[in-house]
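Undergrad: Fold the following.
(one chain, ligands or ions: 1)
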Amino acid sequence: MIQKPKGTYDVYGGKSDQILVLRKIISALMDKYNYKYFQTPIFESSELFHRGVGETTDIVSKETYDFKDRGDRNLTLRPEGTAGLVRCLIENKLYVDAKPLKAWYFGSMFRYERPQSGRNREFTQFGVEAFGSNDPMIDAEVISIVVNFFKLLGLKGIKVNINTLGDTESRKAYRQALLDYFKPCLDELCDDCKSRYEKNPLRILDCKVDSKNEILKNAPKIEDYLNDESINHFSKVKEYLDVMGISYVCDSNLVRGLDYYTHTVFEVTSEIESFGSQNVLGAGGRYDNLVETVGGPKVPGVGFAIGIDRLLLALEAEEIDIIEGEPLEIYAFAMSEEEKAYTLSLVNTLRLNGFNVDMDFSNRNIKNNFKHADKLGAKFVIIIGEDEAHNNLVTVKNNETKEEFKVKLENMVEFLDEKLSEE
Ligand code: HAM
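TA: Below you'll find the model as predicted:
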């Protein structure tokens with residue numbers, strides 16, 4: 001039997017209902033913040049991710065799905081959404097008149113990771129990117145979207161961790177301090193950290209293997225290397241979060257796994273005990289040099305992405321049910337083959353008039369049709385026999401009270417409208 005590839009999953013049943021409801025909530029939320037929906041290709045030229053996400057990141061160096069197409073082009077399934085949005089911004093010159101340009105997206109991302117609960121090889125992200133503003137107020141807006149979204153869903157065990165990596169100058173000074181600090185003790189670090197030392201020493205700070213190592217704990221802290229502009233930007237972000245009543249924890253070891261960040265970085269975690277190790281529900285930050293790195297003008301940006309798979313696990317852990325569902329209003333069946341066309345035509349009319357209707361496609365007998373209507377949760381059942389079909393009539397039964405009505409076909413819509421509004 002052919003099975004799905006490792007680290008992927010099928011969406012059906014309750015999970016598909018949840019995803020559709022989440023999309024609806026997200027779309028309404030994005031209207032409130034005036035972010036517009038964007039869709040970029042699921043695969044892009046490999047170079048975009050090498051330049052954009054960064055050669056030294058695990059995502060690009062170990063986890064991309066790379067392939068050549070039949071025209072010998074090097075392509076990569078997107079491991080994240082930011083680089084594609086940046087490419088779209090540059091290619092369509094969208095930076096020209098929108099300041100800021102506020103975009104949101106929702107879709108599959110691909111990373112060749114070791115699958116476990118909350119970590120898949122194909123997974124879904126909801127993300128936002130705001131381009132064109134240096135104002136720390138927009139960093140705070142972006143963080144507030146994540147917090148308010150989780151609040152709206154009813155999640156309680158949420159923690160916001162923030163840090164700053166400073167501007168280019170501060171980051172450079174900090175990088176040098178880390179190089180000087182780690183040089184004499186390189187042998188005591190893991191192999192990954194040794195290669196990070198060469199390429200991006202900041203990444204040593206979020207190494208999972210060495211995280212308990214005293215050397216890491218005593219490493220220089222970014223706050224000692226920030227210039228005035230960087231200090232000011234970060235304190236403004238914190239002030240703006242404070243005025244919105246958003247709680248956060250400052251964590252100077254938070255550096256994030258992508259190379260493009262400057263200034264603000266943040267992660268939002270679920271603190272529910274049963275949640276497991278993959279507890280970062282969403283993360284993001286500012287990236288003032290990324291558009292230029294990818295080949296565009298100097299346009300600052302800030303954004304985040306939330307892992308929808310992990311969000312569903314968090315909802316489950318907090319026993320939150322988000323499905324409101326649109327109940328089935330009417331179930332219809334024909335007593336025999338002769339009345340099928342008449343039944344189908346009136347079902348079509350009902351659907352065009354806005355009712356949620358299903359019908360019998362399995363030639364069930366009366367008893368089984370009623371059983372099936374119960375299973376589907378239909379409020380009314382329409383029964384079409386010879387009399388109804390020949391005399392333009394419709395028999396409607398209230399599936400709860402068992403009251404039965406025979407109405408003229410021309411009055412059917414009005415009648416059901418009235419009955420359903422009484423429900
Ligand atoms: P990221 O931290 O790589 O950031 O991913 C964001 C979120 O996607 C994670 O917090 C997690 O919830 C989810 N996620 C990541 N990998 C997996 C996986 N293998 N399986 C399930 N969920 C996963 C970014 O992707 C940046 N583009 C965020 C950003 C946007 N920064 C600025 N703008």
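
Undergrad: what residues does the chain put near the ligand?
TA: Within the chain, the residues that sit near the ligand (Cβ under 6 Å from any ligand atom) are 80-82, 111, 113, 118-120, 123, 125, 127, 129, 257-258, 280-285, 303-307, 309-310. C-beta: built from backbone N, CA, C; applies to glycine.

Undergrad: Quick one: buried ones out of these?
TA: 80-82, 111, 113, 118-120, 123, 125, 127, 129, 258, 280-285, 303-307, 309-310 (16 or more other Cβ atoms under 10 Å).

Undergrad: tell me which residues in the longest helix anywhere in the chain are buried?
TA: With secondary structure taken from DSSP state H, the chain has its longest helix at helix 13-33. Of the residues in helix 13-33, those with enough neighbours to count as buried (16+ other Cβ under 10 Å) are 17-19, 21-22, 26, 29-30.

Undergrad: Check stretch 158-176 too.
TA: Buried-residue list, stretch 158-176, by 16+ other Cβ under 10 Å: 158, 160-167, 170-171, 173-174.

Undergrad: pLDDT averaged over that stretch - what is it?
TA: Mean per-residue pLDDT for stretch 158-176: 94.

Undergrad: Show me where the stretch 251-400 of the chain has its strands.
TA: Taking DSSP state E, counting those that start in this stretch, the strands of the stretch 251-400 of the chain run over residues 262-270, 280-286, 301-307, 330-334, 357-359, 380-384, 393-398.

Undergrad: Quickly check the buried residues of stretch 158-176 for the two that are furthest apart.
TA: 158 and 173 (33.5 Å; Cβ to Cβ).

Undergrad: Can you tell me the number of residues neighbouring the closest residue to residue 128 other than its chain neighbours?
TA: Computed as Cβ to Cβ, 6 or more residues apart in numbering, the closest residue to residue 128 that is not its neighbour in sequence is residue 104, at 4.6 Å. For residue 104, the neighbour count with other Cβ atoms under 10 Å is 22.

Undergrad: Surely residue 104 forms part of a helix?
TA: No. Using DSSP: H, G, I helix; E, B strand; the rest coil, the assignment for residue 104 is strand, not a helix.

Undergrad: Contacts only, for it.
TA: 26, 30, 35-38, 126-129 (Cβ atoms under 8 Å, 6 or more residues apart in numbering).

Undergrad: is whichever residue of the stretch 301-423 of the chain sits closest to the ligand in a bridge, and if so with what?
TA: With Cβ to the nearest ligand atom as the measure, residue 307 is the residue of the stretch 301-423 of the chain nearest to the ligand, at 2.4 Å. Beta bridges link residue 307 to residue 125, judged by DSSP bridges.

Undergrad: And the pLDDT at residue 228?
TA: On the pLDDT scale, residue 228 gets 96.

Undergrad: related to what we said a few turns ago, just the contacts of residue 104: which are in strands?
TA: Among the contacts of residue 104, the residues falling in strands (DSSP state E) are 36-37, 126-129.

Undergrad: which of these are the two that sit furthest away from each other?
TA: So, the ones in strands among the contacts of residue 104 by Cβ to Cβ: farthest apart are 36 and 126, at 14.1 Å.
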